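Visitor: Give me a model of this one.
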Amino acid sequence: MIFYVNPATGSDTNDGRTAAAAFKTLGRAVEAAKSSDTILIAPGSYDQDLPARVSAARAANIAVSVTGAE
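Guide: Okay, here's the model as predicted:
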C-alpha cells in the first residue's frame with residue numbers, strides 16, 4: 001500500500017491513501033504503514049525530526065520517498 005504525506009494540505013484524520021487525502025505528519029503515516037508499504041512525502045516544512053522518522057520507517061521495512069515539487 002502507498003501512503004501520502006503533505007504538511008501543507010494533509011490532515012492526520014485523513015486515511016493517507018491518496019494525495020488528496022494525505023496525512024499531515026510522517027509520524028501518522030508510519031503508524032498506519034506496515035512492512036513492505038511505501039510512504040511518499042511531499043516537499044515542505046515538517047515540525048518533527050524527519051531524519052529519525054525516516055530511519056525508523058526504513059528499519060521497519062517501509063520505503064520512504066519524496067514526491068516531486070508542488
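Visitor: Return the residues in contact with the closest residue to Asp37 other than its chain neighbours.
Guide: Distance criterion CB to CB, 6 or more residues apart in numbering; nearest residue to Asp37, sequence neighbours excluded, is Met1 at 4.8 Å. Heads up, the C-betas are built off the backbone N, CA and C, glycines and all. Met1 is in contact with Arg17, Ala33, Lys34, Asp37, Thr38, counting by CB atoms under 8 Å, 6 or more residues apart in numbering.
Visitor: Now do Met1 against Arg58, distance only.
Guide: Remark: distance between Met1 and Arg58 (CB to CB, to the nearest Å) = 16 Å.
Visitor: I'd guess Ala20 is in a strand, am I close?
Guide: No. The assignment for Ala20, made by DSSP: H, G, I helix; E, B strand; the rest coil, is helix rather than a strand.
Visitor: since we're on it, how many residues are nearby?
Guide: 10 (other CB atoms under 10 Å).
Visitor: For Ala56, give me its contacts.
Guide: Ala56 makes contacts with Val30, as judged by CB under 8 Å, 6+ apart.
Visitor: Right, I'll call it a day here.
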